[in-house]
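In: I would like the atomic coordinates for the input below:
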Amino acid sequence: MPVTSSPVPRIGIVVTDVYAAEDPDYDTPLLLPALAARGADPTAVVWHDAAVDPASFDLLVIRSPWDYPERPAEFAAWLDRAERATRVVNSPATVRWNLDKTYLRDLESAGIRVVPTTYATTADAAGAAIDAHERVVVKPAVSAGARDTGLFDASDAAAVALATRIVARGDVAMIQPEIEELSEGREKALYVIGGDLTHAISKGAILAPGGGFRGGVYRENPVPVEATPAERAFAADVLRAVRRATGGEPPLYARVDTVDSARYGLCLLEVELVEPAL
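Out: Numbers count the residues shown, from 1 in each chain. Down below sits the predicted model:
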C-alpha cells in the first residue's frame, strides 16, 4: 500500500453526510475526541465525498455509512478504491461478505444455529415459504436499519407483496417465522471489540404487526444487560466461524444479534461487521 505511517497516525472514521432525525450517529462525536486524546489525528470522512483521498489516511475505520444500501454499486467501488490506497477495517473481504445476509448460510453450514430462513428469488417461492408459517418476517438480503422489513400474518397479502417487490429488484427475499421472544423485545445484541466482549444490550421490539415499525419509525430502545456464559461462548463461536468463512483478519468490531427462544434455542439473527452503532 502506498501509505507511509506518519508519527501521528491519520485515522479516517467513515461516515455519511445525512442521518435520520430519529436515528442519529451517536458514536462518532465520542470516538473522534477519544482517538485524539490517545495521540491520533482523527477525521470524519464522508465515504462518497469525491474530494477525499483514501491514500491520505493511515487507517480508514468504517463506522456509519448508513446510506450504502441505497447506492450499493457506488459503495462497492469506493471500497475497492480504499482497499488499494490504505488499510481499511473491518477488512474489505469481511465487509463484502457481510453486506449480503445470505452469509447466514455460511455460518449455518459451519454449525452456528441461525433463525430458520428461506431464501427466495421468485415471488412464487416466497409465497410458498410464507404459507408454511402462521406469522412471518419478510426482509431483503441487502438492507440496513430494517429497511423493507415487515412482520405479517401469513394470510396478509402485504407479506407476499413485500417479498415480490424485493425479488423484482433482483434482491433475495428472506422469509423467517415470527419468534415470539423477538416480538416481546428480547433480542440481545452482543458487542465484541478487539476480540473482547465489551457489553450487551436488549434492543426492544421494533417491528409492528402488519408491516412497519412500532411507533411509526425505526427506533431501538437499547438497555444494558448482562451476557450469559452461554451467550458469550456463542458469540465467540460465531466470530470463529466468520474468520473461517472470510479467510480474513479478526474483525475490529462486531455486533452479534441473538435471541434465546423456547422453540429454537439460542439463535443468531445476524452478525453486523460493517457499520453497527456501538
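In: Val136 and Val160 touch, don't they?
Out: No - Val136 is not in contact with Val160 according to C-beta atoms under 8 Å; the separation is 10.0 Å. Using the backbone N, CA and C atoms, a C-beta is placed for each residue, glycine as well.
In: Which residue of the two possesses the greater neighbour count?
Out: Using other C-beta atoms under 10 Å as the criterion, Val136 and Val160 rank with Val136 on top: 26 against 21.
In: For that one, I want the exact helix or strand it lies within.
Out: strand 135-140 (DSSP states H and E).
In: quick revisit: anything in contact with each of Val136 and Val160?
Out: Ile130 (C-beta atoms under 8 Å, 6 or more residues apart in numbering).
In: mind showing which ranges of the stretch 1-150 of the chain have poor pLDDT?
Out: By pLDDT under 70, the low-scoring segments of the stretch 1-150 of the chain are 1-6, 144-146.
In: which residue ranges form the helices in it?
Out: Here the stretch 1-150 of the chain has its helices, by DSSP state H, counting those that start in this stretch, at 28-37, 72-85, 92-98, 103-109, 123-131.
In: Please state the offset of the last one from the chain centre?
Out: Using C-alpha atoms, centre = their mean, to the nearest Å, we find the averaged C-alpha position of helix 123-131 to lie 25 Å away from the chain's own average C-alpha position.
In: Now do that helix: which elements does it pack against?
Out: Helix 123-131 sits against strand 118-120, strand 135-140, helix 157-168, strand 173-177, with contacts defined as 3 or more C-beta pairs under 8 Å, 6 or more residues apart in numbering; DSSP states H and E.
In: Just put the ones you listed in TSV and tack on distance to Asp49.
Out: Shown next, in TSV, are the helices and strands packed on helix 123-131 (distance: least, C-beta to C-beta, whole Å):
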stretch	distance to Asp49
strand 118-120	35
strand 135-140	27
helix 157-168	30
strand 173-177	32
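In: right, and those - which one's nearest Arg96?
Out: Ranking the helices and strands packed on helix 123-131 by proximity to Arg96 (C-beta to C-beta) places strand 135-140 first, at 17.1 Å.
In: Tell me the gap between the next helix or strand after the closest one and the middle of its chain.
Out: Per DSSP H and E, the first helix or strand lying C-terminal to strand 135-140 is strand 150-153. Here strand 150-153 is found 21 Å from its chain centre; the criterion is C-alpha atoms, centre = their mean.
In: re earlier: single out the most deeply packed of the helices of the stretch 1-150 of the chain.
Out: Among the helices of the stretch 1-150 of the chain, the stretch with the highest mean neighbour count (mean count of other C-beta atoms under 10 Å) is helix 92-98, at a mean of 20.
In: count of neighbours near Leu266?
Out: 15.
In: Look up how far Val95 lies from it.
Out: Taking C-beta to C-beta, to the nearest Å as the measure, Leu266 and Val95 are separated by 26 Å.
In: now swap in Ala132 and tell me
Out: Computed as C-beta to C-beta, the Ala132 to Val95 distance reads 33 Å.
In: The strand holding Val136 packs against which elements?
Out: When contacts are defined as 3+ C-beta pairs under 8 Å, 6+ apart, strand 135-140 packs onto helix 123-131, strand 150-153, helix 157-168, strand 173-177.
In: which residues sit against it?
Out: Contacts to strand 135-140, defined as C-beta under 8 Å, 6+ apart, come from residues 101, 126, 129-130, 146-154, 159, 162-163, 166, 171-178, 207, 209.
In: quick one: strands adjacent to it?
Out: Strand pairing for strand 135-140, determined by DSSP bridges: strand 150-153 (antiparallel), strand 173-177 (antiparallel).
In: Single out the most deeply packed of the ones you listed.
Out: Among the strands paired with strand 135-140, highest average neighbours (mean count of other C-beta under 10 Å) belong to strand 173-177, with a mean of 24.
In: and Ala50, how many neighbours does it have?
Out: Neighbour count for Ala50, taken as other C-beta under 10 Å: 7.
In: Phi and psi next, for it.
Out: As for Ala50, its main-chain torsions (degrees, to the nearest 10) stand at phi -70, psi -20.
In: Give me the distance between it and Ala110.
Out: To Ala110, Ala50 is 39 Å away according to C-beta to C-beta.
In: quick revisit: so which of the helices and strands packed on strand 135-140 is nearest Thr258?
Out: Per C-beta to C-beta, nearest to Thr258 of the helices and strands packed on strand 135-140: strand 173-177, 14.3 Å.
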